[in-house]
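K.L.:
next comes the sequence, and after it the predicted model I'd like to discuss.
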Amino acid sequence: MQNTNFIMQFLEWLMSFDRRALILSASAIGAGFAMIAGIGPGIGQGYAAGKGAEAVSYNPKSGKQATMVMLLGAAVAETSGILALVVALIMLFANPLVNLTGSAIVVAASAIGAGLSMIAGIGPGVGQGYAAGKGTEMVGKRPKHQSAIVRTMFLGQAVAQTTGIYALIISLVLLFANPLIRLL
Amino acid sequence: MVGDTKAINVQVQLLKGVIIFNGIVALFAVLLFKLGAPFLIGLTFGTLIALLNFRLLHITLNKAVQMPPGKAQVYASSQYFIRYLLTGVVVFVAIRNPNLNVIGTIIGLISIKLVIIKQNLLNSREFFKNIFRRREEE
């Protein structure tokens, strides 16, 4: 009797493929998912630049100072984008899962999971860019308090980065030291 | 003009910081982990690209602040994706080329961010004291 459950049919259809092909295709999906994190720093840096332009137009005297703060803040905001890129490229060109022994479907799902985990990079990217924008705005308004504003901004950015690092750790664990295979 | 020299000073300080940081990383890598030339070449390669990216960011933002805010936002975002593509090419080359160590390149690429945070966050004890100081003591 043919199985009428759609999910079971789908899984059976998946298992009809070669093991290697299944893992490679899952890696392709994972790499694509990981790249979504690139949106975060894009939005964040755009916001920071917008705030910088506002700050310079409000108070051109403190423009140089504000631009410098924005430069440092925006540079930090890029980090999660780079991490996502690294995971995506590792999955495409140095995939450690292909030669892994164990159930094909678990390895394939791990590849997708590693990519999905990196989507968390959007958060730090947007958040750090937001902090950079607000820091720039306030340095533009009150240049005298620059050192306190900048330090607070970087403290916030360093804290904001942590979730991105957690995502990277989970992603790398799934890729290089997969604990799920041993559970089978 | 004062702002100009300040901005250049910040960049020189950052360059020094990056060189010192990567020097320490290279020393540890060679002495403790016995990593050879590929790691050092990768580290140098990554660091140089990170510095180039930072310079590009500087040029982009200096242009962006002269624009109306909405336009600046779009311009900075689009320039970011160009730099992102450049970083992608660098990591790709590092993975494909056996003479370059990928981990070294990635450390080089991220080192500048760590140095920025270190230089701006950990340079004042007063700031940390103020976080924990109680209001009543003042």
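P.N.:
Yep, it's here.
K.L.:
please enumerate the helices of chain A.
P.N.:
A:6-15, A:19-35, A:39-58, A:63-77, A:79-93, A:104-118, A:122-141, A:146-176, A:180-183 (DSSP state H).
K.L.:
quick check, pLDDT for B:Ile110.
P.N.:
For B:Ile110, the pLDDT comes out at 87.
K.L.:
that one: neighbour count?
P.N.:
18 (other C-beta atoms under 10 Å in any protein chain shown). C-beta coordinates here come from the backbone N, C-alpha and C atoms, glycine included.
K.L.:
so who does it touch?
P.N.:
The neighbours of B:Ile110, taking C-beta atoms under 8 Å, 6 or more residues apart in numbering or on different chains as the test, are A:Thr79, A:Ile82, A:Leu83, B:Ala50.
K.L.:
of these, which is the nearest to B:Phe28?
P.N.:
The shortest approach to B:Phe28 among the contacts of B:Ile110 belongs to B:Ala50, at 18.8 Å (C-beta to C-beta).
K.L.:
you'd agree that closest one is up against B:Leu109?
P.N.:
Yes: between B:Ala50 and B:Leu109 a contact is recorded at 4.9 Å, counting by C-beta atoms under 8 Å.
K.L.:
where does the prediction get shaky in chain B?
P.N.:
B:1-7, B:127-128, B:131, B:134-138 (pLDDT under 70).
K.L.:
nearest residue to the residue sitting nearest the centre point of it other than its sequence neighbours?
P.N.:
Central residue check for chain B by C-alpha atoms, centre = their mean: the C-alpha nearest the mean position is that of B:Ile112, 1.9 Å away. In space, and not counting its chain neighbours, B:Ile112 is closest to B:Ala50: 4.4 Å by C-beta to C-beta, 6 or more residues apart in numbering or on different chains.
K.L.:
next, count neighbours for residue 87.
P.N.:
The chain I'm using is chain A. By other C-beta under 10 Å, 26 other residues sit near A:Val87.
K.L.:
to clarify, I was referring to chain B.
P.N.:
For B:Thr87, using other C-beta under 10 Å, the count is 21.
K.L.:
could you say what helices and strands the lengthiest helix in chain B packs with?
P.N.:
Ordering each helix of chain B by length in residues (DSSP H) puts helix B:2-31 first. Judged by 3 or more C-beta pairs under 8 Å, 6 or more residues apart in numbering or on different chains; DSSP states H and E, the packing partners of helix B:2-31 are helix A:63-77, helix B:37-64, helix B:102-121.
K.L.:
please identify the deepest-packed of those helices.
P.N.:
Mean neighbour count (mean count of other C-beta atoms under 10 Å in any protein chain shown) peaks for helix A:63-77 among the helices and strands packed on helix B:2-31, with a mean of 27.
K.L.:
near chain B at all, that helix?
P.N.:
Yes: judged by C-beta under 8 Å from any C-beta of the partner chain, helix A:63-77 comes into contact with chain B at A:Gly63, A:Lys64, A:Gln65, A:Ala66, A:Thr67, A:Met68, A:Met70, A:Leu71, A:Leu72, A:Ala74, A:Ala75, A:Val76.
K.L.:
relative to B:Asn62, how far out is the fifth one?
P.N.:
Taking C-beta to C-beta, to the nearest Å as the measure, A:Thr67 falls 6 Å from B:Asn62.
K.L.:
with the fourth one instead?
P.N.:
As for A:Ala66, its distance to B:Asn62 is 11 Å (criterion: C-beta to C-beta).
K.L.:
ditto for the second one
P.N.:
Distance, A:Lys64 to B:Asn62, by C-beta to C-beta: 9 Å.
K.L.:
cool, and A:His145?
P.N.:
From A:His145 over to B:Asn62 the distance is 23 Å, taken as C-beta to C-beta.
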